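**Q** need a 3D model of the following:
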Amino acid sequence: MRAVEARSAGSPEVLSVVDRPEPAPGPTDLLVRVAAAGVNFIDTYRRAGVYPTDFPHVVGVEGAGTVEAVGTDVTGFAVGDRVAWAAAPGSYAEAVVVPAAEAVPVPDGLDLTTAAALPLQGMTAHYLVASTFEVGPGHDVLLTAGAGGVGLLATQLAAARGGRVLTTVSTPEKAALSSAAGAAHTIDYAAMDDLATELPAVVRELTDGAGVHVAYDGVGAATFDASLASLRPRGTLVLFGGASGQVPPFDLQRLNAAGSLYVTRPTLAHYTATRAELEWRAAEVLGAAADGDLDVRVGATYPLADAAEAHRALEARRTTGKVLLVP
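**A** Numbers count the residues shown, from 1 in each chain. So this is what the prediction gives:
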């Protein structure tokens, strides 16, 4: 089979398509023919060596496809089932072994390409607004990268729960996408000279001087200070990614001085720690997409051979919505 391999830690140029033997599922695994694989920042972190990873390795952890073989100890899945997953290493390939414990069924009425766009970003958006900080009526929400994959989904979910969502965007086109997803206000941060002071000033103007109840920040180093300064007393900053780089250590006394603030750094694995929780989040997100209640934007698709370009586009923030590789 064809697969995208990272030969060593480095820039996107370390990615290449190679021929590998098709994997065989273990007793608790599924062999899945990949319809589409999700391209995510975690893939770029591992490729670059930010997260410890063995090299060479087949890149990717997310996707959707059709079950071709079932391990001897697997129950609940059969050959021909349509499944999606957020945690199966080696997903940038024509076929991948998916642990049955990580696979979720794709509901009728949802195509596999759209399903591949949802496990990681969709369930991330879900845990952010439903669990890390439970958004409800009357909550003011700040969300960085409002036109990104998580941003568009989290905006819809937060607005549906009664939150008033403010997003940051960098172009008029991204502002239009964010507004269509339900953002009450979009803020063009690209035109700001001093983000750390100018963004909080705009946020406070939009919240009658109070600040937001929660800031969801997936950009990281470039926006962290601005997000923190946009909170009202006892507000919560949820740092869920580092698209611009990792946030350096900071003095915890800043939280005291700014109003007894909270900061948390969650990850999806801890919010899908049990099979029941994984099934709940997946069913809500995939089901909403199948029913037409959640709009899923696939911003770009690439063949396996163009995986390096997909990484470059994602890291340069030239993308909107979800980026997929289609074998």
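**Q** can you list the strands that the longest strand along the chain pairs with?
**A** Counting residues, the longest strand in the chain under DSSP state E turns out to be strand 29-39. Applying DSSP bridges, strand 29-39 is found paired with strand 62-70 (antiparallel), strand 95-99 (antiparallel), strand 322-325 (antiparallel).
**Q** so which bits of the longest one are buried?
**A** For strand 62-70, the neighbour count (16 or more other Cβ atoms under 10 Å) marks 62-67, 69-70 as buried. Just so you know, the C-beta spots here come from the backbone N, C-alpha and C atoms, and that holds for glycine as well.
**Q** of those, closest to Leu255?
**A** Comparing the buried residues of strand 62-70 against Leu255 with Cβ to Cβ places Glu62 closest, at 33.3 Å.
**Q** could you give the bridge partners of that closest one?
**A** For Glu62, the beta-bridge partners are Gly38 (DSSP bridges).
**Q** how about the contacts made by it?
**A** Contact partners of Glu62, counting by Cβ atoms under 8 Å, 6 or more residues apart in numbering, are 37-38, 40, 85-88, 91, 116, 119-120.
**Q** any chance of these in TSV, plus secondary structure, pLDDT and distance to Gly220?
**A** Shown next, in TSV, are the contacts of Glu62 (DSSP: H, G, I helix; E, B strand; the rest coil; pLDDT from 0 to 100; distance: Cβ to Cβ, whole Å):
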residue	secondary structure	pLDDT	distance to Gly220
Ala37	strand	98	24
Gly38	strand	98	20
Asn40	coil	94	15
Trp85	strand	98	26
Ala86	coil	98	21
Ala87	coil	96	22
Ala88	coil	98	26
Ser91	coil	98	24
Ala116	helix	98	25
Pro119	helix	98	22
Leu120	helix	96	17
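**Q** drop anything exposed from those.
**A** Neighbour counting by 16+ other Cβ under 10 Å classes 37-38, 40, 85-88, 91, 116, 119-120 among those as buried.
**Q** closest to Ala305 out of those?
**A** Ala37 (13.3 Å).
**Q** which pLDDT value goes with the residue nearest to the closest one when sequence neighbours are not counted?
**A** Once flanking residues are discounted, Ala37 sits nearest to Gly63: 4.0 Å by Cβ to Cβ, 6 or more residues apart in numbering. pLDDT recorded at Gly63 is 98.
**Q** you'd agree Gly63 is up against Trp85?
**A** Yes: at 6.4 Å, Gly63 counts as touching Trp85 under the criterion of Cβ atoms under 8 Å.
**Q** how is this structure carved up into domains?
**A** Following automatic domain parsing, the chain resolves into domains at 2-117+297-325, 121-268.
**Q** still on that earlier bit, which one of the buried residues of strand 62-70 is nearest to Val296?
**A** Once Cβ to Cβ is applied, the member of these that ends up nearest Val296 is Ala64, at 11.9 Å.
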